[in-house]
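1. Next one to model:
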Amino acid sequence: MRKGLSVNQSALPLVKKLVSRSDELSIRVEKTPQGTTLIDAGIKTLGSLIAGKLLTEICLGGIGTSSLTNFSCCDLTLPGIFVTTSQPSISLLGSQFAGWRLVVGKYFAMASGPARALALKPRELYEKISYRDESDSAVVVLEAVEKPPRDVLSILAEQCRVTPDRLYVLVAPTSSIAGSTQVSGRVVEVGLHKLTDVGFDPKEVVSGSGYAPIAPVHPKINKAMGRTNDMILYGGTVHFTVSTDDDDQLEAMVERVPSCTSEDYGKPFAEIFKAAGYDFYKIDPRLFAPAAITVNNLKTGSVFSAGGVNMKALLLSMHS
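-> This is a model prediction of the structure:
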């Protein structure tokens, strides 16, 4: 497995930057009795777009960047986020991907960020990208409606093999400004994950970039989850530069990536989620993809594109 590049160590300066600007960014920082740094970016605080931008870069393991921009949707203008990385398999799949389902008693969270590369969640994905991290500090981002209790923090430290005082936990619910921002900031990761699912080797992807609108915040968690997913499914656009020998195979794979390949395409995600009994695993997996993808093959100069932004679906999502 590849070592040397530490996503946890690279993310730490960003965590410290977030802490140093806590008042400005409307977040709350506390130290637990065990010494764990706990950052609330939207549960008992307002949070902010900039906090969400920094959360995005922390999720990327400090080896990707993001910038805030505008997104025009008919007569409506939304904030948007643009993300880029030159280490896509590590930053997107090895760090940002929300691949750690954390369930402890009644507490539930989706965990993402650099700490996954210490706990190897899920192990098979790290074997696929040939990467693992070695660090005495762990940084984890939780998408949750409550701050993690002591037993959850202990489990996180134990599985990452760090002492509690070297654990940094950042929490933001989907129904918050920072939470909504960092979900849209996953647009490139969603694209690479789908490209990997259809059979492409993620190690052959040499750079990735993309943008998505940031969903208006809704106080109800299921509505918020619906809107944030729709921003990627119907408004997300990604670009990858790859280095591969088979253009025909690449073109066929690109055609299978966009969300429009799903039979559920066009409906608001909140409606789809409800019909599935609020069970992600009952939803057509082809839906979890950006709206549009473009891929450039360095070896041949070929460019392949598929999908497109669906303004009608975006407007429906925000007004349903």
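2. Every contact and neighbour count from this point should use C-alpha atoms.
-> OK.
3. Could I get the full set of helices for this structure?
-> Under the criterion DSSP state H, the chain contains helices at 7-20, 49-59, 88, 116-119, 123-129, 150-160, 177-184, 187-197, 221-235, 247-255, 269-275, 311-319.
4. Those helices: which one's closest to Leu298?
-> Closest approach to Leu298 among the helices of the chain is made by helix 247-255 (10.6 Å; CA to CA).
5. in the closest one, what's buried?
-> Buried residues in helix 247-255, defined by neighbour count with 16 or more other CA atoms under 10 Å: 247, 250-251, 253-255.
6. And stretch 32-42, by the same measure?
-> Going by neighbour count (16+ other CA under 10 Å), the buried part of stretch 32-42 is 36-42.
7. I'd like the residues you listed as TSV, with distance to Pro173 appended.
-> Shown next, in TSV, are the buried residues of stretch 32-42 (distance: CA to CA, whole Å):
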residue	distance to Pro173
Thr36	20
Thr37	18
Leu38	14
Ile39	12
Asp40	9
Ala41	8
Gly42	6
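8. In strands, which of the residues you listed fall?
-> Among the buried residues of stretch 32-42, the ones falling in strands (DSSP state E) are 37-40.
9. and stretch 74-91, C-alpha only, in PDB?
-> Provided in PDB are the C-alpha atoms of stretch 74-91 (Å, rounded to 0.1, in the frame of the first residue of the first chain):
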ATOM      1  CA  CYS A  74     -33.200  30.200 -14.100                       C
ATOM      2  CA  ASP A  75     -34.100  33.400 -12.200                       C
ATOM      3  CA  LEU A  76     -32.600  32.000  -9.000                       C
ATOM      4  CA  THR A  77     -29.000  32.500  -7.900                       C
ATOM      5  CA  LEU A  78     -27.500  30.100  -5.400                       C
ATOM      6  CA  PRO A  79     -24.000  29.900  -3.800                       C
ATOM      7  CA  GLY A  80     -21.900  27.100  -5.300                       C
ATOM      8  CA  ILE A  81     -18.700  25.300  -4.500                       C
ATOM      9  CA  PHE A  82     -15.900  24.300  -6.800                       C
ATOM     10  CA  VAL A  83     -13.500  21.500  -5.800                       C
ATOM     11  CA  THR A  84     -10.200  20.300  -7.300                       C
ATOM     12  CA  THR A  85      -7.600  17.800  -6.400                       C
ATOM     13  CA  SER A  86      -4.400  16.400  -8.000                       C
ATOM     14  CA  GLN A  87      -4.500  13.200  -5.800                       C
ATOM     15  CA  PRO A  88      -8.100  12.100  -6.500                       C
ATOM     16  CA  SER A  89      -8.000   8.500  -5.400                       C
ATOM     17  CA  ILE A  90      -6.500   9.400  -2.000                       C
ATOM     18  CA  SER A  91      -8.300  12.600  -1.300                       C
END
